[in-house]
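**Q** got a sequence here, can you build the structure:
(chains A and B)
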There are 2 protein chains.
Amino acid sequence: MSLISLLLNAALSGVGSWICYRLILSYIPIFIQRKMYGNDQCKVSNDPVPEPMGVICAAVYLIVMFLFIPVPFFEWIGADIIFPYARLLAILSGLISISTAILLGFADDMLDLRWRHKLLFPTLSSLPLLMVYYVSGNSTTVIVPSVLRTFLSSAGFPFVVPVTVNIFYLYYVFMGMVIVFCTNAINILAGINGLESGQSVVIAFSIIVFNIVQLVRVDAQYWHHLVSLYFLIPFASITLVLYHFNKYPAKVFVGDTFCYWAGMTLAVVSILGHFSKTLMLFLIPQTFNFLYSIPQLFHFVPCPRHRLPKFDAESDKLFMSTAVFKKSELKSLGKISLTVFRLAGLLYQREFEKDGETWLEINNLTIINLVLKFCGPMKESRLTLTLLGLQVLGSFFAFFVRFYLASVFYESVE
Amino acid sequence: MSLISLLLNAALSGVGSWICYRLILSYIPIFIQRKMYGNDQCKVSNDPVPEPMGVICAAVYLIVMFLFIPVPFFEWIGADIIFPYARLLAILSGLISISTAILLGFADDMLDLRWRHKLLFPTLSSLPLLMVYYVSGNSTTVIVPSVLRTFLSSAGFPFVVPVTVNIFYLYYVFMGMVIVFCTNAINILAGINGLESGQSVVIAFSIIVFNIVQLVRVDAQYWHHLVSLYFLIPFASITLVLYHFNKYPAKVFVGDTFCYWAGMTLAVVSILGHFSKTLMLFLIPQTFNFLYSIPQLFHFVPCPRHRLPKFDAESDKLFMSTAVFKKSELKSLGKISLTVFRLAGLLYQREFEKDGETWLEINNLTIINLVLKFCGPMKESRLTLTLLGLQVLGSFFAFFVRFYLASVFYESVE
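**A** You can find the predicted model right below:
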């Protein structure tokens, strides 16, 4: 039964992707006509690029999900057994979070919302999801690493250290943070052709593989990995279509709409699938990029309006972009973070004198500029592929940690 | 307990309305700056009017709902009784339909969607709602009017006519049609300052009164009227704020976003509240306007691009607008419908000769122009108030039919 529902899900995803392909083609001129476009800052030509095309894909995704929802429940409909309400609740609460994230993203594309609204809204829209998690009696226990348990016992810890600990409300706080982080994670690692859609495709397919492996390996948690696939397969296949249009040279831009939709979908599947900690493993590049960006995002270090790489029309290559500021402007937190980055070899820095003052030039703190610092200037298409390659490497690392290392650190991990 | 939850709902609605008021004020300049505005065609000045402000109100509405959802379930949380999953499902499925309707409306405002997409999307987005209705074992029986039963029996109908008939799938078809009709009903009766928001306020408050009356009168269906109030009170109070800005002279336009949101909210409460037939009574002006518009909407009769009343700058009054076409252009269905309207006294028609052909001039077929035909030209503010007055009269008529006439036609109606 669950195999049939997966096949139906895949079939609907295929049809959805085809419709999405046709719709994008037919909406490209409409976007231009309605002046919904951006300009590609890394190109010689100044042609308008329709944006946010993510809203068309997201609408198709929602339609696929609406049509699919009844499928996993066919065996119950009309039968004289108790209907699995909690399962339908899980799916609907996930869809609410996703559809409101799409709305938020679209509003952001159109209106440039304020930061506090952008953080508040996904938090609130995930309340139904967390509430359903709560009332469905889902676990809030975490497994204590065996290493830690051995260490605590040998260190004379006065209690017997349990194998699992119930962290109750902290678990909800953690899930809430996963949601807020995810909805913004893709949006932060963005700006060059094909990067937003490409990384989402890599992450989505990685999690699909993870879910299938878990379905084959483990009997428990069966439903959770299944529902995660129900959400992911349509997402991955529709996003693949979007990538086709968004890859270098971009014919469409995905917009914040796509970034929020993608982030929220990943967060939702990880919560419904009970693998929010594992999800973070698949988001290592995004997490690194976020941590690396913090000094500029929180203005410990001066931050220019755009942190995109610099485009050089003559060589058709992208160069690392930099921020230039007086050394005296640097706050103490900024000094500390730059020192840490420099010691770790993660910073380009140049000091020079001008007008009797000491000035600093550093690379803008994004993983995109960091790649350019290490590899030198490169064409945009190669830069995207390099970053997507890092994402694929990250996925391999995630599998290694999740399936090999975890079994070392935890006695029993499913 | 349910009184406390209603009070909390009202309190949240109050806070939401205040926030909505502040947000509209702060987003008015942002809309203008982002070129999201319309021009008021019934004013001398050509100042831009921010549109679609409905998206801000809808976002606040969703936040109020997200915060409120846990409230009706407080008594179950942590208690050792079975959680009322079906109730939470009902609320979440309603929210899905509403949030996707908002998304559709916003996309329509930005992109001018095609008609077939505008009809398809709400149909599909209501699938979760109908599915929840199905799996929750809700009734699909309708009561047979006693007059009809008496008539059928006396006419020698070969079977005993039952008091109630289960119409099964037809009931779902009916609910689906209610949803599609509602999402477009407000949008069709629109175009002058304060009309869209005003009519929604009148309808919402009428249904609130209806729900409260039913809560007091009837013991059964208690939960259904309660959940309907949970959705309606925030909607009515936030829409009242929108009306304040949208009324003559309009400082904001509500946009399709509002019309779809309002229509879907009304449809959802009527389905969750089990009074979708009664809802249609409160939508008599909209239904009449739709039926009256059909010849032009379906192009039986030539339809100009805009059917708004004509603005006369000198008198500052609105005049009935007309469509002019050659008599020979009229199709047979068009001829029939115009004859019916003329015989019913619902048509202004003038025939004249030009260039050797017979031409026809008729009023554009909307209830707005019909009011102007009967009452003569009037100022925009008075026209809106007249139409809202009709809506209030319609509500009184609806109460009369629902509470008085129904008890005559049906033996037992709750």
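**Q** need phi/psi at A:Gly273.
**A** A:Gly273 adopts backbone torsions of phi -90, psi 0, taken as degrees, to the nearest 10.
**Q** now chain A against chain B: closest residue?
**A** Nearest to chain B, among the residues of chain A, is A:Tyr85, at 3.4 Å (Cβ to the nearest Cβ). Any C-beta I mention is one placed from the backbone N, CA and C, and that applies to glycine too.
**Q** list the contacts for the residue nearest to that residue when sequence neighbours are not counted?
**A** Spatial nearest neighbour of A:Tyr85, chain neighbours left out: B:Tyr85 (3.4 Å); criterion: Cβ to Cβ, 6 or more residues apart in numbering or on different chains. B:Tyr85 makes contact with A:85-86, A:89, A:135 under the criterion Cβ atoms under 8 Å, 6 or more residues apart in numbering or on different chains.
**Q** cutoff 7 Å now
**A** Contact analysis of B:Tyr85 by Cβ atoms under 7 Å, 6 or more residues apart in numbering or on different chains lists A:85-86, A:89.
**Q** so how far is A:Val371 from it?
**A** Applying Cβ to Cβ, to the nearest Å, the value for B:Tyr85 to A:Val371 is 49 Å.
**Q** show me the shaky parts of chain A.
**A** A:1, A:78-79, A:219, A:409-414 (pLDDT under 70).
**Q** which residues of it lie near chain B?
**A** Residues of chain A lying near chain B by Cβ under 7 Å from any Cβ of the partner chain: A:30, A:34, A:36, A:55, A:59, A:62-63, A:66-67, A:69-70, A:77, A:83, A:85-86, A:88-89, A:92-93, A:95-96, A:99-100, A:102-103, A:106-107, A:110-111, A:124-125, A:127-128, A:131, A:135.
**Q** ok, of these, which come out buried?
**A** A:30, A:36, A:55, A:59, A:62-63, A:66-67, A:69-70, A:83, A:85-86, A:88-89, A:92-93, A:95-96, A:99-100, A:102-103, A:106-107, A:110-111, A:124-125, A:127-128, A:131, A:135 (16 or more other Cβ atoms under 10 Å in any protein chain shown).
**Q** so A:Pro249, which state does it fall into?
**A** Here A:Pro249 is coil, with the state taken from DSSP: H, G, I helix; E, B strand; the rest coil.
**Q** quick check: it vs B:Phe210, distance?
**A** A:Pro249 is 58 Å from B:Phe210, by Cβ to Cβ.
**Q** if you count what's nearby, which of those two comes out ahead?
**A** B:Phe210 (24 against 14; other Cβ atoms under 10 Å in any protein chain shown).
**Q** could you point out which element follows the helix or strand hosting the more buried one?
**A** Using DSSP states H and E, B:Phe210 sits within helix B:195-217. Sequence-wise, the next helix or strand downstream of helix B:195-217 (DSSP H and E) is helix B:222-246.
**Q** any buried residues in that following helix, and which?
**A** B:223-246.
**Q** for stretch A:121-140, same thing?
**A** By neighbour count, with 16+ other Cβ under 10 Å as the criterion, the buried positions of stretch A:121-140 are A:121-136, A:138, A:140.
**Q** and if you look at stretch A:47-67?
**A** A:49-67.
**Q** any idea how far the residue lying closest to A:Ser395 once chain neighbours are set aside lies from A:Gly273?
**A** The shortest distance from A:Ser395 to any non-neighbouring residue, by Cβ to Cβ, 6+ apart, is to A:Ser206 (4.0 Å). As defined by Cβ to Cβ, A:Ser206 lies at a distance of 13 Å from A:Gly273.
**Q** neighbour count winner among these two?
**A** Using other Cβ under 10 Å, the more surrounded residue of A:Ser206 and A:Gly273 is A:Gly273, with 25 against 21.
**Q** isn't that one up against A:Leu226?
**A** No. The pair A:Gly273 / A:Leu226 is not scored as a contact, 8.7 Å apart, by Cβ atoms under 7 Å.
**Q** need the phi and psi values for the residue in chain A sticking out farthest from the centre.
**A** No residue in chain A sits farther from the centre than A:Gly356, which is 45.1 Å out by Cα atoms, centre = their mean. Backbone torsions of A:Gly356, given as degrees, to the nearest 10, read phi 70, psi 10.
**Q** before we move on, what about A:Glu361?
**A** phi -120, psi 120.
**Q** just the one 4 residues further on next, same as before
**A** The phi and psi torsions at A:Leu365 (degrees, to the nearest 10) take the values phi -80, psi 70.
**Q** quick one: it and A:Ile294 touch, right?
**A** No. Here A:Leu365 does not reach A:Ile294: they are 8.0 Å apart, not a contact under Cβ under 7 Å.
**Q** these two: who's more crowded?
**A** Neighbour count, other Cβ under 10 Å: between A:Leu365 and A:Ile294, A:Leu365 has more, with 24 against 13.
**Q** quick one: secondary structure of the residue nearest to A:Pro302 when sequence neighbours are not counted?
**A** Excluding the flanking residues, the one nearest A:Pro302 by Cβ to Cβ, 6+ apart is A:Phe325, at 4.2 Å. Three-state call for A:Phe325 (three-state DSSP): strand.
**Q** return the set of residues that bridge with A:Phe325.
**A** With DSSP bridges as the criterion, A:Phe325 is bridged to A:Leu360.
**Q** ok, it - contacts?
**A** Taking Cβ under 7 Å, 6+ apart, we find A:Phe325 in contact with A:302, A:359-360.
**Q** show me the contacts for A:Phe74.
**A** No contacts exist for A:Phe74 under Cβ under 7 Å, 6+ apart.
**Q** next, it: phi, psi?
**A** phi -50, psi -40.
**Q** okay, the contacts of B:Tyr85 in JSON lines with secondary structure next?
**A** Putting the contacts of B:Tyr85 into JSON lines (three-state DSSP) gives the following:
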{"residue": "A:Tyr85", "secondary structure": "helix"}
{"residue": "A:Ala86", "secondary structure": "helix"}
{"residue": "A:Leu89", "secondary structure": "helix"}
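**Q** just give me the closest of those residues to A:Ser146.
**A** Distance to A:Ser146, by Cβ to Cβ, is smallest for A:Ala86 among those, at 32.1 Å.
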